[in-house]
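# A predicted structure for the sequence below; I have some questions about it.
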Amino acid sequence: MPELPEVETIRRSLLPHLPGRCVVEVRYGDPKILKVPRHELTAAVTGSRFQDIHRRGKYLLFRLDRHHLVIHLGMSGQLTLRDPRLEDSPGFLRHPVTGLQKSRQHPPDRHTHLQLTLDDGRVLCLRDPRKFGKVLLLDPTEQAVKEFFEPRLGPEPLDADYRLEVFLQRLGQRRAPVKSVLLDQRVVAGVGNIYADEALFEAGIRPTRRAHRLRRHEKVRLFEAVRQVLERGIRFGGTTLRDYVDSDGREGGFQEELQVYGRAGEPCRRCGKEVVRIFLAQRGTHFCPTCQV
DNA sequence: CGTTGATCCTGGGCGC
DNA sequence: TGCGCCCAGGATCAAC
């Protein structure tokens, strides 16, 4: 379940390798995740050069010569850059330098749905067992990118120009439980189930509270908590619960830092009372009944 | 109009 | 040991 910190970590791990490289060959798996006809994708990427990589919410945007290649990783998507000349195994690998760090770069298998071979021999692999991911193309114009994202995504929470007023305006009058509102990508882009629970813990707010009934100071705390939790997520290289790895196959470290997510029945790290798990908005939701009011 | 719920998909965990 | 059941969840769309 790659959320903003995981997608950003993948972006950063690709940045030293991808820009400047040319695509020499494309291979496909299940066409389900392709939101553009296969022949169009082939025509768009073959012989094209990667220029830069951007992220918008949980989407990755690869600027090619004449297109943006847009990838969403859904729940189980992995984007790895592997070198077929090096041996890799389906399980865990030792880090080539330290010999210690765990990494996982799956060789292409039946879950690998897109492979872009580059002119340096490496292969950008999109692997997505649950097939909730998406691959699409956009015209490289500002206009086309804006048209695609405007109806889907709210502001970028880590942008320097992200303002409290915008958050208050988008979250403020909604009657739904505040957690459901945080999960709405049009309110703030990039927050998913894990970081929503963590941000609400950080802000000391119960996920069931109705957004419009929060006090102003609580909304302000939540605004800060969302940014803080996402930033820490990035600093720790994302959260690996099951599938997530960066493009080098490295797992994240933020799972060790989680305060409530996945900790039902365990003691709260702040007060020692048991963390509770409920269902809210069809999602597993974790919180501390004493620290969150 | 705002919000809720069903849907897609597969691996893994669990119970029997 | 093995089988079958059910759950996890992001975005989208239908329905209330």
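Looks like it arrived, so ask away. Source: prediction; values computed, not measured.

# what helices or strands is the biggest helix by length in chain A leaning on?
Determined from DSSP state H, the single longest helix within chain A is helix A:216-235. Packing partners of helix A:216-235 (3 or more C-beta pairs under 8 Å, 6 or more residues apart in numbering; DSSP states H and E): helix A:4-14, helix A:164-172, helix A:178-183, helix A:193-203. C-beta here means a position set from N, CA and C on the backbone, and glycine is covered the same way.

# can those helices go into JSON lines with extra columns for mean pLDDT and distance to A:Pro108?
Output for the helices and strands packed on helix A:216-235, formatted as JSON lines (pLDDT from 0 to 100; distance: least, C-beta to C-beta, whole Å):
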{"stretch": "helix A:4-14", "mean pLDDT": "94", "distance to A:Pro108": "18"}
{"stretch": "helix A:164-172", "mean pLDDT": "89", "distance to A:Pro108": "41"}
{"stretch": "helix A:178-183", "mean pLDDT": "93", "distance to A:Pro108": "33"}
{"stretch": "helix A:193-203", "mean pLDDT": "94", "distance to A:Pro108": "28"}
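
# so which of these is nearest A:Ile234?
Comparing the helices and strands packed on helix A:216-235 against A:Ile234 with C-beta to C-beta, the closest turns out to be helix A:4-14 (4.6 Å).

# how about the helices in the stretch 1-150 of chain A?
A:4-14, A:38-45, A:142-149 (DSSP state H, counting those that start in this stretch).

# quick one: the strands in the stretch 1-150 of chain A, in order.
A:23-28, A:53-56, A:59-63, A:68-72, A:78-82, A:93-94, A:102-103, A:112-118, A:123-127, A:134-138 (DSSP state E, counting those that start in this stretch).

# comparing those by mean pLDDT, which bottoms out?
Among the strands of the stretch 1-150 of chain A, strand A:93-94 carries the lowest mean pLDDT, a mean of 48.

# how about the contacts made by the nearest residue to A:Phe167 once chain neighbours are set aside?
Nearest residue to A:Phe167, sequence neighbours excluded (C-beta to C-beta, 6 or more residues apart in numbering): A:Phe223, at 4.6 Å. Neighbour list for A:Phe223: A:164, A:167-168 [criterion: C-beta atoms under 8 Å, 6 or more residues apart in numbering].

# for those, which one is nearest DNA strand C?
Nearest to DNA strand C among those, counting by C-beta to the nearest atom of the strand, is A:Phe167 at 17.2 Å.

# surely the closest one touches A:Lys219?
Yes: under the criterion of C-beta atoms under 8 Å, A:Phe167 makes contact with A:Lys219 at 7.3 Å.

# how close does A:Arg21 sit to A:Ile53?
11 Å (C-beta to C-beta, to the nearest Å).

# ugh, wrong one, I meant A:Glu202
Taking C-beta to C-beta, one finds A:Glu202 at 29 Å from A:Ile53.

# ok, these two, which is more surrounded?
A count of neighbours by other C-beta atoms under 10 Å puts A:Glu202 above the other of A:Glu202 and A:Ile53, at 21 against 17.

# residues contacting that one?
Applying C-beta under 8 Å, 6+ apart, we find A:Glu202 in contact with A:225, A:228-229, A:259.

# look up how far A:His68 lies from it.
34 Å.

# test my guess that A:Leu34 contacts A:Glu40.
No: contact criterion C-beta under 8 Å: A:Leu34 and A:Glu40 do not qualify, at 9.3 Å.

# quick one: which of the two has more around it?
A:Leu34 (19 against 12).

# residue contacts, the nearest residue to the more buried one once chain neighbours are set aside?
With sequence-adjacent residues excluded and distances taken as C-beta to C-beta, 6+ apart, A:Leu34 is closest to A:Val135, at 5.2 Å. Contacts were defined as C-beta under 8 Å, 6+ apart; by that measure A:Val135 touches A:33-36, A:41, A:69-71, A:113-114, A:126.
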